[in-house]
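# what would the 3D arrangement of this be:
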Amino acid sequence: MAEFFNYQSPYRTDIFIKLTTVEKFLPIAIIILIAVLLFKYKDKFISNETLDKKFRIAVGIVFTIIYLSHYLLRFALYGFDTIILPFQLCSISMFLAIVLLFTKNKTIFNFVLFTGILGGLISLLFPVIGYDSSYYRYYQYEIAHGILILTPIYFVAVYNYVPTKIETIYSFLILQGIMVFMLILNYYIGTDFMFVFLDPAKIDKFPVIAKFGGIPLYILWMEIVGVLAYYLEYKVINFFCKTK
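So this is what the prediction gives:
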């Protein structure tokens with residue numbers, strides 16, 4: 001049982017267990033299935049306010065436990081270390097998604113819609129977990145990112161939350177502000193939160209950055225990809241909601 005809850009950071013141990021095809025793609029298939037079911041049975045939640053509230057609260061509680069377990073297990077190993085700071089984009093989005101489930105806040109939804117779905121999908125398609133299904137970390141990672149993706153989808157389906165053009169731009173500008181803060185923070189404490197940093201030595205940790213022109217050019221490419229991703233998601237969601 002102790003081995004199941006082994007929670008050492010693979011970046012600290014340099015031990016990365018590769019996932020099988022099933023371990024990688026089964027969670028994605030389950031998420032797609034749940035998303036389809038949410039739209040299929042959305043009227044049951046729309047017409048039953050009590051069911052909707054109980055569902056949101058239940059998912060919010062589960063999400064909170066899954067989310068906190070990551071930092072509690074890391075704290076048990078590393079104490080007060082930069083590794084327990086919740087400053088990766090998905091970590092920030094997960095915290096806000098939990099708040100969204102309890103509050104239904106539209107502004108938070110606009111942010112989580114883009115960062116949660118895009119960040120969550122990228123994390124699941126290109127997972128860097130370090131652990132396979134023999135470990136709790138695998139399930140924590142997959143479930144947390146799965147709920148992160150499904151939370152804004154639920155609000156699109158049940159609450160008909162759809163971002164306007166202005167709200168999309170505003171959400172992107174908020175992300176820019178967070179990225180600038182993280183860049184400054186990373187520079188001073190030597191971290192790499194949100195993968196924005198200026199330390200050339202970190203290319204060894206993230207070799208893919210070299211393929212995007214190295215430091216600091218890769219940040220420009222990240223911005224271009226981010227703008228395109230926001231635009232495409234905005235168009236897809238608005239098109240889907242107008243035709244559903």
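
# could you use CA atoms for every contact and neighbour count after this?
Noted.

# the longest helix seen in the chain packs against which elements?
With secondary structure taken from DSSP state H, the chain has its longest helix at helix 49-78. On a contact count with 3 or more Cα pairs under 8 Å, 6 or more residues apart in numbering; DSSP states H and E, helix 49-78 meets helix 42-46, helix 89-103, helix 136-159.

# relative to helix 89-103, how tilted is that helix?
Using axes from the mean of the first three to the mean of the last three Cα atoms, to 10 degrees, the direction of helix 49-78 lies 150 degrees away from that of helix 89-103.

# look up how far residue 150 lies from the residue sitting furthest away from the middle of the chain.
Computed with Cα atoms, centre = their mean, the residue of the chain farthest from its C-alpha average is residue 47, at 29.6 Å. From residue 47 over to residue 150 the distance is 20 Å, taken as Cα to Cα, to the nearest Å.

# and the residue nearest in space to the middle of the chain, what does it touch?
The centre of the chain sits closest to residue 90, judged by Cα atoms, centre = their mean, with a distance of 3.2 Å. Counting by Cα atoms under 8 Å, 6 or more residues apart in numbering, residue 90 touches 115-116, 119-120, 145.

# now, which of those lie within helices?
Those of the contacts of residue 90 lying in helices (DSSP H): 115-116, 119-120, 145.

# for residue 12, state which of these is nearest.
Ranked by distance to residue 12 (Cα to Cα), the ones in helices among the contacts of residue 90 are led by residue 145 at 22.3 Å.

# number of nearby residues for that closest one?
Using other Cα atoms under 10 Å, residue 145 has 28 neighbouring residues.

# okay, domains of this protein per the record?
1-161, 163-244 (automatic domain parsing).

# off-centre distance for the longest one?
The gap between where domain 1-161 is centred and where its chain is centred comes out at 7 Å by Cα atoms, centre = their mean, to the nearest Å.

# that domain - what's its average pLDDT?
The pLDDT scores in domain 1-161 average 95.

# do me a favour and get the end-to-end distance for that domain?
Across domain 1-161, first to last residue, Cα to Cα, it's 43 Å.

# pull out the buried positions in stretch 179-188.
Using 16 or more other Cα atoms under 10 Å as the test for burial, stretch 179-188 gives 179, 182-183, 185-186.

# redo those as CSV? Include secondary structure and distance to residue 27.
CSV is the format used below for the buried residues of stretch 179-188 (DSSP: H, G, I helix; E, B strand; the rest coil; distance: Cα to Cα, whole Å):
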residue, secondary structure, distance to residue 27
179, helix, 29
182, helix, 30
183, helix, 32
185, helix, 33
186, helix, 32
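
# dump the residues you listed to CSV, plus distance to residue 165 and pLDDT.
Shown next, in CSV, are the buried residues of stretch 179-188 (distance: Cα to Cα, whole Å; pLDDT from 0 to 100):
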residue, distance to residue 165, pLDDT
179, 21, 94
182, 26, 95
183, 27, 92
185, 31, 94
186, 31, 93
